[in-house]
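A.B. asks: Sequence and computational prediction follow.
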Amino acid sequence: MIRKMCAGSLVFVVAFAASQASADEFGVSFWLPGLYGSFAAVPGKPGWSFASIYYHSSISAGASEAFPRGGAGQVDVGMSGRGDLVAFGPTYTFDQPVWGGQLALSLLGVAGRSHACVDATLTGPLGGSVSGERCDSLTAFGDVLPQAALKWNDDVDNYLVYMTGGIPVGSYDPDRLANLGLGHGAMDGGVGYTYLNPDTGREFSIVGGLTYNFKNPDTDYRNGIDGHVDWAASQFLNEHVHVGVVGYAYQKLTGDSGEGATLGDFKSRVFGVGPQLGCKFDAGDETAGYVNLKGYYEFGAKNRPEGWNVWLTLAFSPAPKPPMK
């Protein structure tokens, strides 16, 4: 019963929120850690589904932390920011198998409000001049995010392969602290696994991937290749509700480059962990709904601000057909 519930009501939900501060030069990546959670590799029902995700974050870095920004050798010292963003869009899951798996295509947009502050800005490779505290706020649209995913089911084992990218059409200005667009394109791909046992109600999911970033033409800055892992574990309390824990790890694998990379390779990392609560509900004779709330506390950051973030996901998908009598 649990497996049928999850396969019928959980859709492939993907959301990227643009940096609540600025582009990758701030140590904030295209990939948003925490994107994947429970049931990541479980196939869904064929047809159209829709997801919306509210994302709130609060981050900061001490006055001793420096972040490169812009094409004129600017370095911002100290940083704080917050974001209230919504990602939304449809997913179409094909009925006809592809390589023995289930193909799903998604297209999401991002909108919301971003606010960021820095303690000071140093101009020039070695900081020729200094300006004081500065803050920016912005309400706008972010980049467009297409994605393709293939999923396979084998009893309690489920497998995932995905490919996604960012189309840089969101609001972006290299001289602005707060942006909802990254200012450059990116590609990301990876694999995942979900263990889902309908007899015990236990579930575990893990997804890992790599991100390749294209050069930011406004700042001549290219972020390095990063690796990321999202994981989640949960236990069903009944046929509708599950509780558990979530976590992520992010690590830059290669250094940043370009004339704008005045601080060298600037490899970054961060970890996060927190609780989650999910619930399945009926939304009509042919529609199933799912809501999930999860939060992360970040730690171990390097060349990247850290803080906390909360995700609220609401998804609707085709309901599973009742068993034949």
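C.D. replies: That came in fine, so what should we check first?
A.B. asks: mind listing the strands for the stretch 151-300 of the chain?
C.D. replies: All strands of the stretch 151-300 of the chain, identified by DSSP state E, counting those that start in this stretch, fall at 157-166, 186-197, 202-213, 226-236, 241-252, 269-282, 287-302.
A.B. asks: Can I get the ones you listed in CSV including mean neighbour count?
C.D. replies: Using the backbone N, CA and C atoms, a C-beta is placed for each residue, glycine as well. Formatted as CSV, the strands of the stretch 151-300 of the chain follow (neighbours: other Cβ atoms under 10 Å):
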stretch, mean neighbour count
strand 157-166, 20
strand 186-197, 19
strand 202-213, 20
strand 226-236, 21
strand 241-252, 19
strand 269-282, 18
strand 287-302, 18
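A.B. asks: and of the ones you listed, who's closest to residue 35?
C.D. replies: Closest of these to residue 35 is strand 226-236, at 6.1 Å (criterion: Cβ to Cβ).
A.B. asks: nearest to residue 118, of the strands of the stretch 151-300 of the chain?
C.D. replies: strand 287-302 (16.5 Å).
A.B. asks: Restricting to C-alpha, output the closest one in PDB.
C.D. replies: The C-alpha trace of strand 287-302 is given here as PDB (Å, rounded to 0.1, in the frame of the first residue of the first chain):
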ATOM      1  CA  THR A 287      -5.600  13.700  -8.600                       C
ATOM      2  CA  ALA A 288      -3.300  13.000  -5.600                       C
ATOM      3  CA  GLY A 289      -1.600  15.600  -3.600                       C
ATOM      4  CA  TYR A 290       1.600  15.600  -1.500                       C
ATOM      5  CA  VAL A 291       3.000  18.200   0.900                       C
ATOM      6  CA  ASN A 292       6.500  18.200   2.500                       C
ATOM      7  CA  LEU A 293       8.200  20.500   5.000                       C
ATOM      8  CA  LYS A 294      11.900  20.200   5.600                       C
ATOM      9  CA  GLY A 295      14.600  22.400   7.100                       C
ATOM     10  CA  TYR A 296      18.400  22.400   7.200                       C
ATOM     11  CA  TYR A 297      21.000  23.800   9.600                       C
ATOM     12  CA  GLU A 298      24.300  24.400   7.800                       C
ATOM     13  CA  PHE A 299      27.800  23.900   9.200                       C
ATOM     14  CA  GLY A 300      31.400  23.400   8.000                       C
ATOM     15  CA  ALA A 301      31.300  26.100   5.400                       C
ATOM     16  CA  LYS A 302      34.400  27.300   3.600                       C
END
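A.B. asks: how about the strands of the stretch 151-300 of the chain, which one is nearest residue 76?
C.D. replies: Here strand 287-302 is closest among these (Cβ to Cβ), at 16.0 Å.
A.B. asks: the inter-axis angle of that closest one versus strand 269-282?
C.D. replies: Following axes from the mean of the first three to the mean of the last three Cα atoms, to 10 degrees, one obtains 170 degrees for the angle between strand 287-302 and strand 269-282.
A.B. asks: Which of the strands of the stretch 151-300 of the chain sits closest to residue 84?
C.D. replies: Using Cβ to Cβ as the measure, strand 287-302 is the one of the strands of the stretch 151-300 of the chain that comes nearest residue 84, at 14.6 Å.
A.B. asks: quick revisit: right, and the strands of the stretch 151-300 of the chain - which one's nearest residue 91?
C.D. replies: Minimum separation from residue 91 across the strands of the stretch 151-300 of the chain (Cβ to Cβ) falls at strand 157-166, 11.9 Å.
A.B. asks: Listing partners with orientation, what would you give for the closest one?
C.D. replies: If you go by DSSP bridges, strand 157-166 pairs up with strand 145-154 (antiparallel), strand 186-197 (antiparallel).
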